[in-house]
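A.B. asks: Structure for the following, please:
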Amino acid sequence: MADIRQGSLPVTNTTIFELITSRNIIGKKVLDIGAGGGYMAQKLGTYLQGQGCTPSDTLSACDLFPEVFGYEGIVCDKMAFMDRLPYNDSAFDVVYAIEVMEHLANPYEFIREVYRIVKPGGCFIISVPNALNLNSRLSFLFCGFFSMFGPLSYDDSDAGRLSGHIMPLNYYYLDHRIRKTGFVQTRLVADKLKRSARFLYALLGPFIKFASWRFKERLLRKNPQLFEANIAAIENVNGRELLCSRSCILVAEKPR
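C.D. replies: A predicted model of the protein is given here:
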């Protein structure tokens, strides 16, 4: 079996692989959205074969360019991200999208579609570049652009070379929309704590904690109900994991 090149950082793929396989996916249905070359699909297929299972009984995949999908164990469906996902309601136990949403012009519609195809009791796992780590915050402060979200070309042929990152949605707004759509128990997971960000955190951490405390105090006085609804996410926004992590990984559960 030919090796397929990873489209994301190894630590990100390892973290998401562990999150998926921890769901006891034997006999369940798993969908890879934006599967790319098929690295994660192949990794999961090998895992399933090791458990005595046929990968195609569990795994499905889709991508805008299915012709680049290189894993022969399953078929990759053609999809256009502006349309409905080509699957029935409540079709999958686990849906994951690795480094996909930063490329989408309609991320909120995408989340709504994912919610539609996830089974009650199933989950959605997503990773995006972390626009809120300290390196990225300083980049925005001094340059006006978040890390990995630089100036955009007007020439479509440049999309691959410039990564095509057009939607710098940060953790808070992703978490809010995911929960607003109907998912519950959203969980933030860090992949790699960047050394440079950890150094910045050692320098700036006390100031950030003080500023965050002041912000929460003001919000609590002005709108206690809004404070209670958002406090967990606000704590994460200025927590060490998000301030230092390269990626923002969210795991969301669909209620039964």
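
A.B. asks: Going by C-alpha atoms from here, please, whenever you check contacts or count neighbours.
C.D. replies: Noted.

A.B. asks: Quick check: residue 152 touching residue 166?
C.D. replies: Yes. Using Cα atoms under 8 Å, residue 152 is in contact with residue 166, at 7.4 Å.

A.B. asks: And those two? Which one has more around it.
C.D. replies: residue 166 (17 against 14; other Cα atoms under 10 Å).

A.B. asks: Surely that one is in a strand?
C.D. replies: No. Checked against DSSP: H, G, I helix; E, B strand; the rest coil, residue 166 lies outside a strand; its state is coil.

A.B. asks: Check this structure for its longest helix and report it.
C.D. replies: Secondary structure assigned by DSSP state H gives helix 195-222 as the longest helix of the chain.

A.B. asks: Return the mean pLDDT over that helix, rounded to an integer.
C.D. replies: Across helix 195-222, pLDDT averages out at 96.

A.B. asks: to the chain's geometric centre, what's the distance from that helix?
C.D. replies: Chain-centre distance of helix 195-222: 24 Å, with Cα atoms, centre = their mean, to the nearest Å.

A.B. asks: Next: stretch 108-118.
C.D. replies: Worked out by Cα atoms, centre = their mean, stretch 108-118 lies 13 Å from the chain centre.

A.B. asks: try stretch 190-209
C.D. replies: Worked out by Cα atoms, centre = their mean, stretch 190-209 lies 21 Å from the chain centre.

A.B. asks: what are the C-alpha coordinates of that stretch, in PDB please?
C.D. replies: C-alpha atoms of stretch 190-209 as PDB (Å, rounded to 0.1, in the frame of the first residue of the first chain):
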ATOM      1  CA  ALA A 190      -4.700  21.100  21.800                       C
ATOM      2  CA  ASP A 191      -2.300  19.400  19.500                       C
ATOM      3  CA  LYS A 192       1.100  21.000  19.800                       C
ATOM      4  CA  LEU A 193       2.000  23.700  22.200                       C
ATOM      5  CA  LYS A 194       4.400  25.900  20.200                       C
ATOM      6  CA  ARG A 195       7.700  26.600  21.900                       C
ATOM      7  CA  SER A 196       7.600  30.300  20.800                       C
ATOM      8  CA  ALA A 197       4.100  30.700  22.200                       C
ATOM      9  CA  ARG A 198       5.100  29.100  25.500                       C
ATOM     10  CA  PHE A 199       7.900  31.600  25.800                       C
ATOM     11  CA  LEU A 200       5.500  34.500  25.100                       C
ATOM     12  CA  TYR A 201       3.000  33.000  27.600                       C
ATOM     13  CA  ALA A 202       5.700  33.000  30.300                       C
ATOM     14  CA  LEU A 203       6.300  36.700  29.600                       C
ATOM     15  CA  LEU A 204       2.700  37.900  29.000                       C
ATOM     16  CA  GLY A 205       0.700  35.300  31.000                       C
ATOM     17  CA  PRO A 206       0.200  37.500  34.200                       C
ATOM     18  CA  PHE A 207      -1.000  40.500  32.100                       C
ATOM     19  CA  ILE A 208      -3.400  38.300  30.100                       C
ATOM     20  CA  LYS A 209      -4.800  36.800  33.200                       C
END
